[in-house]
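Enquirer: pasting the structure only:
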């Protein structure tokens, strides 16, 4: 019996106006029925183009230049468009990454799910709707009958992704290509979607190609993994084998560079230097050679073939490694400088930064002429945090939990509706004009999207000088010297100064953004999702750099991320937010090892681990359901609608932060561990100051 | 382009831990600047290049032509009225005995002058107005933009016709009148662009640095909205030249001895029935060619600046 999908020696090129991108080169892969194959690689490595080649949906200028694709024994390359259309969505279906742009906003869910059934099965409208209902139920969409008439924008991201899966499954395809199916989703929703995909594969027995950049996602759900780098397959092995006995240095470094919850955050992460090669002019030898620590002349001159003693485990490398035993990085990040701690104790009683009961609500208005305020989006509802000199506080939570709004309030671009934000004991939003501008020097921000945060019409020199010019710091010559010094510090060559932002890769742009945030020597830097837009191999570079700059410049920072591992690596203390509330705060180890709030615990449990054994042993998906609307948050405890421990008290009474140890506080009526003694529900507020004092002593 | 760092010798390689042969942040690949990419894309568009050539030809034809081809355009000569093409007059003469070819050159001068001047006025006023409205937001934005709506709803031709019954204008006056009605469209365009730009992270970043609003507008918002403005300029020129033609045709022409293509067409309509085709087709053809050229250039610029359409 032929495999469900077999790709042999496939090469795909994309013709641009002046160059040809050799997106996919000589790739082989094979998926049997009922098998899930993982395809892992960074952005631009050709994994999506491979998926699109299989479906014959290449973008303009894209062309398969060689090789064959067989689905169920039938050759797809060279098939006329009409035949291909019959196969697409019918025998081979695809789930795309971005559910909002992949669904038609003007058609109802019912129409869109039933469309393939009508096209391929010739079903009537009514029959197709019946089938749509069936598959929507299958993918776990709550109340599918009512949703049939909904439009995509009325559903949340997680539900939309379920609809996407339903569309792909409506004709019972034999092969399913899932291209980054969960990348745009929160971890809690990601776990749900992945388990839906898992269940469906078991029930329907289709072959699945799971394309992703996330080693954690493929670890527990695939039988084999193919690793791609710069258009080539560099290693293919059974999943356990790949994680425990990889041979390619790229695979090894990729796995090692992922920050993990259990790892020691005083050590630098392993990182892969440099950036992937330009595929319009691929190097003649091994494509990883320029970034590989083991590279020799042979690597630069001759391309290694995909080979190996064991036919099930093949790799393309002249100097293979043996398993994950990478040198533990000896360069420990300098301990938080003693000077900073001394400074902390000398700030006569008050913290460097203090946020007291900050509230921010965005009005929801109705009516066209007379804008009436009908309700509001409760972005941040009474959050209090503090930060000391040289300290790093992490904020984690799902999207929509208010962490970015809080960050923007701290740097002063959003104004709190209530509450106070104090820097060195002085309230930031009381200041005006010159003194406000002076304070901004101490509060800088680093943004998530490195492509949006740099003005595309300015050269790097102007971008880096701008904070100095605005703040009128130093003479022109001083400014230039500082810009050059910092550029060197963030690891960019001096010729970068004359270049425009679009000429840099994502990681390089984030380095520039970091340099810009640091150049004024701020006291507090807020980093909003600093690495979430970057590739895994680049991520660890930037994390190491941030860690180094934090220590060297002695600034305090607030790191905002949805990724608990990233936050834990960078921070001393972590605050967990849920729907505008701070639900738990404590040191990294307290949060990770002894979480008190059920949400924190679930968040930790849902993070996909790059470890097949641990990942397979997970029994449930963590948190069920979706994030409630911040317009009408649940009464009492806001987490109660998704909480397994919720009781009637949770809906009636809002839990206050209670201490659970030195500096460890959580807001829950039924915590996972008993609270520290001597504190009733009312004692939390009174206890807060001395507990934070204890935290200082602990660090 | 992408130069790869030369690989060090094997010994040094195995001696140095993870820091590889490339610098920490990687090499910077030298790609053309955004403007150069746009220019390249523009030049790839054949029609646009033709349009640009046509426009350059007409600028030379109208401004350099009279220096080479001397004609009398000020004194009427009743002896040689309405001559068909031929003899010393390649395109014949008009009802006043002016050489038609020379007259097209002179008329083209005013058409291009008014076109460029009016679009310049419209663009400068519109860009400033739109960016201020967009950045200010709230009530200021509302008031400013409703004013634009009001002006847009005033029938422009009606006003001009009322003026036409009383006056004729100089080039500057004509450009001012056309400009004062056509800044509305760029104002709306720029405001829309600024509304999206001001929510972008780089504008937030400048605000975090403590940038004043004036700096935001001048250094960040206007440069980034410029591509929209540039595209609009070409359409503005075309529109102004056409509007000038309408006005001339309807009688609100330029003061003697100035003449525009519209005036010429307006006069010519009296003689069409007598078969004096040379008074209509050449000047009409020039008008169409210039307007078409501007539109082709505008279309190509739009494509060139649009990142989504750019294939690099």
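Expert: Right, received. Where do you want to start? Computed from a predicted structure; not experimentally measured. Numbers count the residues shown, from 1 in each chain, chains lettered A, B, ... in the order given.

Enquirer: phi, psi of the residue nearest in space to the middle of chain B?
Expert: Among the residues of chain B, the one closest to the centroid is residue B:234, at 2.4 Å (CA atoms, centre = their mean). Per-residue torsions, residue B:234: phi -60, psi -40 (degrees, to the nearest 10).

Enquirer: can you report how many residues lie near residue B:79?
Expert: When counting by other CB atoms under 10 Å in any protein chain shown, one arrives at 8 neighbours for residue B:79. Any C-beta I mention is one placed from the backbone N, CA and C, and that applies to glycine too.

Enquirer: the closest residue to it other than its chain neighbours: what secondary structure?
Expert: Using CB to CB, 6 or more residues apart in numbering or on different chains and skipping the chain neighbours, the partner closest in space to residue B:79 is residue B:97 (6.8 Å). Classification of residue B:97 using DSSP: H, G, I helix; E, B strand; the rest coil returns coil.

Enquirer: which positions within stretch A:530-538 qualify as buried?
Expert: Buried residues in stretch A:530-538, counting neighbours by 16 or more other CB atoms under 10 Å in any protein chain shown, are found at A:530-531, A:533-538.

Enquirer: list the contacts of stretch A:10-27.
Expert: Applying CB atoms under 8 Å, 6 or more residues apart in numbering or on different chains, the contact partners of stretch A:10-27 are A:7, A:9, A:28, A:46, A:49-50, A:53, A:58-59, A:61-69, A:228, A:231-233, A:279-282, B:40-41, B:44, B:311-312.

Enquirer: the residue nearest to residue B:79 contacts residue B:73, correct?
Expert: No: Residue B:97 is beyond contact range of residue B:73, at 10.4 Å (criterion: CB atoms under 8 Å).

Enquirer: residues contacting residue B:188?
Expert: Counting by CB under 8 Å, 6+ apart, residue B:188 makes contact with B:126, B:130, B:145, B:148.

Enquirer: so which residues of the stretch 101-250 of chain B form helices?
Expert: With DSSP state H, counting those that start in this stretch, the ranges of helices along the stretch 101-250 of chain B come out as B:138-153, B:156-166, B:171-182, B:184-197, B:201-209, B:213-215, B:222-249.

Enquirer: picking up where we left off before, now pLDDT and distance to residue A:485 too, for the buried residues of stretch A:530-538, in TSV please.
Expert: Listed next are the buried residues of stretch A:530-538 as TSV, based on pLDDT from 0 to 100; distance: CB to CB, whole Å:
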residue	pLDDT	distance to residue A:485
A:530	87	21
A:531	86	24
A:533	79	26
A:534	82	24
A:535	82	28
A:536	81	30
A:537	78	27
A:538	83	23
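
Enquirer: of these, which belong to helices?
Expert: Among those, the members falling in helices are A:536-538 (criterion: DSSP state H).

Enquirer: for those residues, which one is nearest chain B?
Expert: Each of those was scored against chain B by CB to the nearest CB, and residue A:538 proved nearest at 8.7 Å.

Enquirer: the residue lying closest to the closest one once chain neighbours are set aside: helix or strand, and which one exactly?
Expert: Excluding the flanking residues, the one nearest residue A:538 by CB to CB, 6+ apart is residue A:507, at 3.5 Å. Element membership of residue A:507, judged by DSSP states H and E, is helix A:506-518.

Enquirer: so for that helix, mean pLDDT?
Expert: When pLDDT is averaged along helix A:506-518, the result is 88.

Enquirer: I'd assumed residue A:582 was in a strand, is it?
Expert: Yes: with three-state DSSP as the criterion, residue A:582 is part of a strand.

Enquirer: how many neighbours does the residue of the stretch 51-200 of chain B found nearest chain A have?
Expert: Closest approach of the stretch 51-200 of chain B to chain A (CB to the nearest CB) occurs at residue B:200, with a separation of 5.4 Å. Applying other CB under 10 Å, we find 18 residues neighbouring residue B:200.

Enquirer: then residue A:122?
Expert: 9.

Enquirer: hang on, residue A:374 is in a helix, isn't it?
Expert: No: counting by three-state DSSP, residue A:374 is not part of a helix but strand.
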